[in-house]
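**Q** Quick one: sequence and predicted model below, then my questions.
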Amino acid sequence: MNEIPKAYEPQSVEDKWYDFWLKQGCFTADPKSAKPAYSIVIPPPNVTGMLHMGHVLNNTIQDILSRKARMDGKEVLWLPGTDHAGIATQVMVEKQLKKEEKKSRHDLGREEFLKRVWAWKEKHGDIIINQLKKLGCSCDWTRERFTMDPEYSRCVQKVFVELYKKGLIYRGKRMVNWCPVSQTALSDEEVEMKPQKGFMYHFRVEAVEADGSPVKGVSGRPLTPALSPKGGEGEKSSAPSATDSSAANAASNVSKSAGASKASTASGPLSPIGGEGQGEGADERKGGPEIDSQGRIWLTIATTRPETIPGDTAVAVNPKDPRYAHLIGKHIVRPLPAELPREQKLIPIIGDEHVDFEFGTGVLKVTPAHDKADFDIGTRHKLPLIEVINADGTMNTLAGGPLAGLDRFKARKVAVEILTEQGVMIEAKPYENNVGFSQRADVPIEPRLSEQWFLKYPAVEQSKACVEQEGMGSAPAPGAGASALAGDSGRVTSFDAHGKSARLTATDGASVAAPEAGALPKMRFHPQRWAKVYDHWLTNIQDWCISRQLWWGHRIPVWSKKANEGDSGFTSLQNQLNAFKQNGSLIHMNLYTPHARNEGGTNVLKHDPQENYFVRLDVAVDPTEEKIISLLEQNGFTQDPDVLDTWFSSWLWPFATMGWPEQTETLKKFYPTTDLVTGPDIIFFWVARMIMAGYEFMGEKQFALPDAMPFQNVYFTGIIRDKQGRKMSKTLGNSPDPLVLIAQYGADALRFGTMRSAPLGQDVLFDEKDVELGRNFCNKLWNACRFRQMVGSADGQTEGEINPALLTSDDKWILVRLDLAIREVSEALNTYNFATAVQTLYRFFWSEYCDWYVEASKAAFFGSDDALMANKLAVIDFVLGNTIRLFHPFLPFITEELWHGMGYSKELPENLGGKTIMFAAWPKPFNAEEKEYFGLDDVADKIAAAKYELVGLGRNLRRELKLDPAKKLKFILKPAGELATAEVEVLKILLNAEAVGVVAQNWTPAKGTPSAANALGEIFLPLEGLIDIGAEKVRLTKEAEKIQSEISKVEQKLANPNFTTKVPPAVLAEHEQRLVEWRTKLAHTQSSLEVLG
RNA sequence: GCGCGCUUAGCUCAGUGGUAGAGCAUUACCUUCACACGGUAGGGGUCGCAGGUUCGAAACCUGCAGCGCGCACCA
């Protein structure tokens, strides 16, 4: 390492070492290795994705864990790959197609379109992979997987057929979350509830008998006034109301009854039905039937979606609601579509407990085809379904003339206009409610009845039980210290291959401590509070809608054919298929008869006119069974057009990437994986489902592995936000491009800065300043090594063994600090406290090693004692050698460069750091023997610490006396005890002094000489005649006051008998000691004051 | 509505009962021979509020407030 540049230049270093690591196969995991295994599977980024700060955080953590594990002597597999991101990828290619060729996917056809998607994937799919490489990720790229790989697809299909065979997958007509933009069903997890500003519309409907005649013998309160239609729009007033004379009459009655209501109020109000005897609240309660001047009864309905009125097939009231109960069984006249004859608009008033009579008017319009809750009501009451909204979100012809063809939101406005024209719209109150949005397309989803595939989740109970909940077991102290104390020599060049990591030991400990160890959880979440969220979701779990109306994805491996009554030709085919089954083919058949189907709690409709067939045979079969498929297709069977939810493939990720269903060497060695690192936002999407898949497909029955769990620890990262706390988003433009940052500051700087600001369990407020700090830090590290090269031999050879006899207090001090740093960093990593680890390293290296030790060492290097100098070099090499290794997981590139540049690799065996720092042993703290050998005791440590404190006091004097900092001054030191010459030399250097004169105890300074003192001694700044005695008096008086107040505080405590009798002895001793120290300081200050006169 | 988290220096955050901390920002000074991507010294806090426990509370308990997140949801 000759000719070292003054500043670290990451660009010239990073690619070089990454290529080296790749060529040397450093990332490749060997399942045959005798080393204990450590494994992580990457959360597969979308193949369409670009690296963002979230990836940086997540993958840096995984890389830190992987690199640390290698240094711990583990055989490490970090398995990378990407997922096919069904909707995102398809949408992206569709957009491109539209832009470049002005075609839709339908113009190309399914096969051709898929070719285009694959072509896109081949061209762009490795962008994010290459970005991860830039970040330094040590993934085993020889095992890179993609969820649409042929082998992976086989796993997905096999899993589908097996679950189908088990009866866990079924096809059903259900209300699903429909995205009108991507035109596919979505799972509940893909729907995001957002508050949305809109209106709560109140409109009035007439209650009638089943034959349409007015309801008799019912009273009501007078009509409240309705909104009047906008004037001057002649064409509108003629449109709906002209076709419905009763509505027109009602409209004309509004103004009359408004007047009438005044009159009736004067003579005594007409109470709502049942209003009496219900207490005051009942009268206050809104709603209740109203009566117009002609004696007709009206009900007011509240809705946010008036455009769905044409789809209403009932109105519901709570049977316990005294205002309305008596009207159950009557009908109402549905106001839309207005053009229908009155008799076709009669829908029943039904009673249903679901209706909350506190809410709205207590009258609920029921739209079974377009609302989940209404669908359930419809099922309970066998209501007909009227679908009025198309798949693309526009209204169909059943919605009525003015609405048909309009977008649902435009239709809402028009519906309001029509109701206003009719004179039945009472009010439109601004209203905010939560609306489900499609996560991908960011548009409101439309509840829609459609036939989809659903999965009843497997292994729910096991998955629930395996995750340790807060408070279930004590969190034992991590085993970092225990296992690490077994170190051998000062220069750590060997490792002991413990079978288990400290983390594992910790969890096992918890299991053993509690009774019935076998049944207890073995998986831990970090931070653990997420376990509760996980548990809550599993407790309220709903079946998973796994089908998507897309082309890009794993096509559902079900072939089916419908047949009419009498056409019973399935029997011989079923026999043929059964023969395949007997021979071991993965196939399962289901004969489905819609009109005779037992509903069994599911909402399958009978007598659906759209299902105009008698019987259907569904055959799920592994798509590699070509014979079976061609047999089916010859018989007129067609494959289901839908594909599977992308998560239905990624939930298999931990084992499908390792060669499942074969019992591969890789699975045996690396499954279950050790750690999973991911964001809490996909705890349901991915983490929970992987755990269930693990139990279902890796459990003992299916697969003879000791444990089915896919991972032992799950670390949840925070979410990266900008410095104002906003989520990173493309639209806000607040998401920096990590590659730009890498180019500008270096990958190590980006990693360091990100990790330093990422506390456990909290969101990360990212600021480019952090990366700058990372760069500065790398530069500091670089220059500290440069200093070592400049003061030492220039041939790149490291110095020899440390001679304990020559160690100064500074040497011992830094060795103790190093020991502490090793312990703290190891412990922090074992408990996933990455920010703490980074901060400890920062403190140790910058504030301790550079600020004090390196500065102090200059005394030796600028001195003339060759032996001392050589020993100091040995200490520096020892400390730097350990420091660089401690930094390696965080800063892989610069540490590798320095490892070789400093020559630390030279004496090591090739596989233990000789070739690369990646396999150098993780530093160990000193054991008792080593501490004794080096003489690392409290005394040496305290001498150095006192020395540095005294330096601080000396510098302080200089500043407070406003002396020219550039001027070299003479100090005088009166040591409290024996003090070696070398120590005085260090003081001289650190004080930037011309000289430090040592004087005897009986020496007295000239009057007014400023001084300071601590345990090491007293230091004077003799400046005859230069001192402003008045100012010095003020300074010392102020200081004395400050000290006095501290003394009072402690004295007060010690005077309290409650304190002295109850407090632990150690605390008492510490307080007494403190008091002595303060009193000594006070005495010194006072004597200085006296000297001033 | 239920659950979770947060509230400490201007900012971002450490701090699990015993002398209130770090980094950044800021102020003053310094290009002295590793580093100005640097050094030295400083200023800056009623630890959200109110009670309680304790000899002692930033920390533990209770309540409240504000902010954020998740789940559920009423038309």
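**A** Happy to help now that I have it. Computed from a predicted structure; not experimentally measured.
**Q** ok now the strand or helix carrying A:Phe580, how far from the chain's centre?
**A** A:Phe580 is located in helix A:570-582, with elements delineated by DSSP states H and E. Counting by Cα atoms, centre = their mean, to the nearest Å, helix A:570-582 is centred 48 Å from the centre of its parent chain.
**Q** Name the residues of the next helix-or-strand element following it that are buried.
**A** Using DSSP H and E, the helix or strand that follows helix A:570-582 in sequence is strand A:587-592. Neighbour counts over strand A:587-592 (16 or more other Cβ atoms under 10 Å) mark A:587-590, A:592 as buried. Every residue, glycine included, has its C-beta placed from N, CA and C.
**Q** ok, now which ones touch A:Tyr18?
**A** A:133-134, A:136, A:893 (Cβ atoms under 8 Å, 6 or more residues apart in numbering).
**Q** rerun at 7 Å
**A** Residues in contact with A:Tyr18 (Cβ atoms under 7 Å, 6 or more residues apart in numbering) are A:133, A:136.
**Q** one step back: for the buried residues of strand A:587-592, which one is nearest RNA strand B?
**A** A:Tyr592 (28.4 Å; Cβ to the nearest atom of the strand).
**Q** who's the closest one bridged to?
**A** A:Arg616 (DSSP bridges).
**Q** Double-check it against A:Val619; I have them as touching.
**A** No: checked against Cβ atoms under 7 Å, the pair A:Tyr592 and A:Val619 is beyond contact range at 11.2 Å.
**Q** mind listing what the residue nearest to A:Phe887 when sequence neighbours are not counted touches?
**A** Among residues not flanking A:Phe887 along the chain, A:Thr895 sits closest, at 5.1 Å (Cβ to Cβ, 6 or more residues apart in numbering). Applying Cβ under 7 Å, 6+ apart, we find A:Thr895 in contact with A:884, A:887-888, A:917.
**Q** can you tell me which two in those are farthest apart?
**A** Pairwise distances among those were taken by Cβ to Cβ; the largest, 9.5 Å, belongs to A:Phe887 and A:Ile917.
**Q** more crowded one of the two?
**A** A:Ile917 (26 against 23; other Cβ atoms under 10 Å).
**Q** Within its local environment, how many residues does the closest residue to the more buried one other than its chain neighbours see?
**A** Once flanking residues are discounted, A:Ile917 sits nearest to A:Trp899: 4.0 Å by Cβ to Cβ, 6+ apart. Other residues near A:Trp899 come to 24 when the count uses other Cβ under 10 Å.
**Q** A:Trp899: helix or strand, and which one exactly?
**A** Judged by DSSP H and E, A:Trp899 forms part of helix A:892-901.
**Q** quick one: average pLDDT of that helix?
**A** Computed over helix A:892-901, the mean pLDDT rounds to 95.
**Q** Just checking the distance from it to the centre of its chain.
**A** 32 Å.
**Q** do stretch A:534-548 as well
**A** Stretch A:534-548 has its C-alpha centroid displaced from the chain centroid by 19 Å (Cα atoms, centre = their mean).
**Q** Show me which residues of that stretch are buried.
**A** A:534-535, A:537-538, A:541, A:543-548.
**Q** which one among the residues you listed gets closest to RNA strand B?
**A** Among these, and counting by Cβ to the nearest atom of the strand, the member closest to RNA strand B is A:Trp537, at 6.8 Å.
**Q** That closest one: what's it in contact with?
**A** With Cβ under 7 Å, 6+ apart, A:Trp537 has these contacts: A:684, A:688.
**Q** next SSE after the helix or strand that contains it?
**A** Per DSSP H and E: A:Trp537 is located in helix A:530-539. Beyond helix A:530-539 on the C-terminal side, the first helix or strand identified by DSSP H and E is strand A:544-545.
**Q** Which strands border that next one, and is each parallel or antiparallel?
**A** strand A:446-455 (antiparallel).
**Q** Contacts made by the partner strand with the rest, please.
**A** Outside strand A:446-455, the residues that touch it by Cβ under 7 Å, 6+ apart are A:163, A:168-178, A:180, A:185, A:369-372, A:375, A:385, A:389, A:393, A:543-547, A:556, A:642.
**Q** Can you narrow those residues down to the ones near RNA strand B?
**A** Residues of these in contact with RNA strand B (Cβ under 7 Å from any atom of the strand): A:Lys372.
**Q** What parts of the stretch 501-650 of chain A come near RNA strand B?
**A** Counting by Cβ under 7 Å from any atom of the strand, the stretch 501-650 of chain A sits next to RNA strand B at A:529, A:532-533, A:536-537, A:540.
**Q** now with 6 Å?
**A** With Cβ under 6 Å from any atom of the strand as the criterion, the stretch 501-650 of chain A meets RNA strand B at residues A:529, A:532-533.
**Q** Equivalent analysis for the stretch 351-500 of chain A, please.
**A** Near RNA strand B, when you scan the stretch 351-500 of chain A using Cβ under 6 Å from any atom of the strand, you find A:355-356, A:359-360, A:362, A:364-365, A:373, A:433-434.
**Q** likewise the stretch 151-300 of chain A?
**A** A:188, A:193.
**Q** can you rerun that using 10 Å?
**A** Residues of the stretch 151-300 of chain A found near RNA strand B (Cβ under 10 Å from any atom of the strand) are A:188-196, A:198, A:200-202, A:287.
**Q** Closest one to RNA strand B out of those, please.
**A** Of all those, RNA strand B sits closest to A:Met193, with 3.7 Å by Cβ to the nearest atom of the strand.
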